[in-house]
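J.: Can you look at this prediction? I've put the sequence above it.
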Amino acid sequence: MGYFKNQDPQLYTLINQLPIEDRDEKILLVGYSIIDSLVNFNSNSGGLEKKHDEVRSVHEGLGNAIKVVSLNSHIQDPAFNYLCERRVSVESWFKDYNQEKTLNSKLLASLLYRQERISEPIIRKLGIKLTQSVESEGKHLGARNILLGDYRTIECSIRDI
């Protein structure tokens with residue numbers, strides 16, 4: 001988690017730090033980064049600590065997006081390239097997904113419960129809801145409040161799709 005050495009990561013900060021001017025591309029990258037983080041999430045903890053781990057996984061995914069897009073600013077449209085990589089990762093996971101597969105992420109399970117099929121319009125809606133929620137809520141204060149607040153923000157955004 002080297003990206004977060006000197007700061008407490010949170011959705012508000014991470015989404016606002018994404019170096020992408022095109023709002024539609026930013027929304028898609030937020031949605032795909034979050035879904036990609038959740039499909040690859042793995043934790044042996046339970047209860048509240050597992051929720052915290054899920055949020056940390058999402059923070060790490062968004063942090064990676066910021067880092068990759070920033071470091072590759074010398075190439076044409078680095079955000080689009082990273083978005084394509086996340087899209088391929090998510091689509092291949094869902095292609096291989098079956099109902100018997102155990103999901104480690106409660107947030108992803110909640111999304112799959114509400115949506116029979118996860119497609120780009122659903123991921124776009126998640127990105128829109130999440131970005132709007134983060135903009136209206138602002139920053140959370142305190143490490144515990146950040147993790148709980150961000151979990152609730154993601155959970156509510158999924159529920160509102």
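T.: Structure received.

J.: Check which helix or strand the most centrally placed residue in the chain maps to.
T.: In the chain, the C-alpha nearest the mean C-alpha coordinate belongs to residue 34, at 1.8 Å (C-alpha atoms, centre = their mean). When secondary structure is defined by DSSP states H and E, residue 34 falls within helix 23-39.

J.: Surely the residue nearest to the centre of the chain is in contact with residue 58?
T.: Yes. If you go by C-beta atoms under 8 Å, residue 34 and residue 58 touch, sitting 5.4 Å apart. No exception for glycine: its C-beta is placed from N, CA and C like everyone else's.

J.: For these two, list the residues in contact with both.
T.: residue 154 (C-beta atoms under 8 Å, 6 or more residues apart in numbering).

J.: Need phi/psi at residue 145.
T.: Torsion angles at residue 145 (phi, psi; degrees, to the nearest 10) stand at phi -70, psi -30.

J.: which residues sit in contact with the spatially closest residue to residue 89 that is not a sequence neighbour?
T.: The spatial neighbour of residue 89 that comes closest, neighbours along the chain excluded (C-beta to C-beta, 6 or more residues apart in numbering), is residue 36 at 5.2 Å. By C-beta under 8 Å, 6+ apart, residue 36 lies in contact with 61, 86, 89, 90, 93.
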